[in-house]
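K.L.:
Okay, sequence plus prediction incoming.
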Amino acid sequence: MLQRYTVPDIEVEQLGRLYKMERYQIPNKCRLHPDNDLYRDQEQHKVHVDIYEWKCGYCRKSFNEEKFLDQHFDTRHYNLLNTTGTKCLADLCGALHCDFVLMSSKKGKSKCNPAAAAKNRHLCESLANTCFPVSQGPAASRLHEHFLRQFCDAHTCTGKNKPFPKGGKKKSGVFYLAISILTLMLLPLFYLLVFLHQREKRTGTQVLRRIVKTGKKTKPS
């Protein structure tokens, strides 16, 4: 039985955003092309009804977890898989840093293997060459360079390069932008409260002085 695997959302989101931004059509020979995904048809037949309810799009059977639906696909609908012209994305896991995503969610650490890093880097560069050949024009060249920087450069044991560097910066940039906007919105309110407090304080002092001055009597000489 083949290992079920789909690329984590972080890779899918970043790659999809790049394709749309550059209006780039991935070549059919690219392993990342949707038509080359072994489990694509099964993924499209997953019906997420509720948080604890998943349905099979083939036979409408219900499950309370996605993993049970995956097991159902493997046992009941395995014959529907196109195993001749498609490949399992698990073979690309090393190149796309799936282990980094999974380990980050579990907050675990693993030792770096130089031989494995070199092998994954070679696979990653092969993906860049087949999916974004520089001979296809400026858009392909930009995507090729971005893919190398985003995925391939991090296949090293030096610890200097991290996967998805631009994605991390973008998230932090959005956070700081939100903080800045919130600060600009609250700053005028803060000064208004300070102004009202100072004015009330001055008004109370003036009234107190007037009362003391009016009630004071002079002694006869």
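P.N.:
Noted; the coordinates are in hand.
K.L.:
helices and strands of this protein: which one bottoms out on pLDDT?
P.N.:
helix 98-106 (a mean of 60; mean pLDDT, DSSP states H and E).
K.L.:
next helix or strand past that helix?
P.N.:
Following helix 98-106 in sequence order, the next helix or strand is helix 114-131 (DSSP states H and E).
K.L.:
can you pull the buried residues of whichever helix or strand comes after that following helix?
P.N.:
Where DSSP H and E defines the elements, the next helix or strand beyond helix 114-131 is helix 138-150. Across helix 138-150, burial judged by 16 or more other C-beta atoms under 10 Å covers 139-140, 142-144, 146-148, 150. Just so you know, the C-beta spots here come from the backbone N, C-alpha and C atoms, and that holds for glycine as well.
K.L.:
tell me the angle helix 138-150 makes with helix 114-131.
P.N.:
170 degrees (axes from the mean of the first three to the mean of the last three C-alpha atoms, to 10 degrees).
K.L.:
residues in contact with the nearest residue to Pro133 once chain neighbours are set aside?
P.N.:
Nearest residue to Pro133 in three dimensions, chain neighbours excluded: Ala140, at 5.9 Å (C-beta to C-beta, 6 or more residues apart in numbering). Neighbour list for Ala140: 24, 132-134 [criterion: C-beta atoms under 8 Å, 6 or more residues apart in numbering].
K.L.:
which one among these gets closest to Glu53?
P.N.:
Tyr24 (37.0 Å; C-beta to C-beta).
K.L.:
Give me the nearest residue to the closest one, chain neighbours excluded.
P.N.:
Ala139 (5.0 Å).
K.L.:
Could you measure from the one you found over to Phe132?
P.N.:
9 Å (C-beta to C-beta, to the nearest Å).
K.L.:
Report the set of residues contacting both of these two.
P.N.:
Counting by C-beta under 8 Å, 6+ apart, the contacts common to Ala139 and Phe132 are Tyr24.
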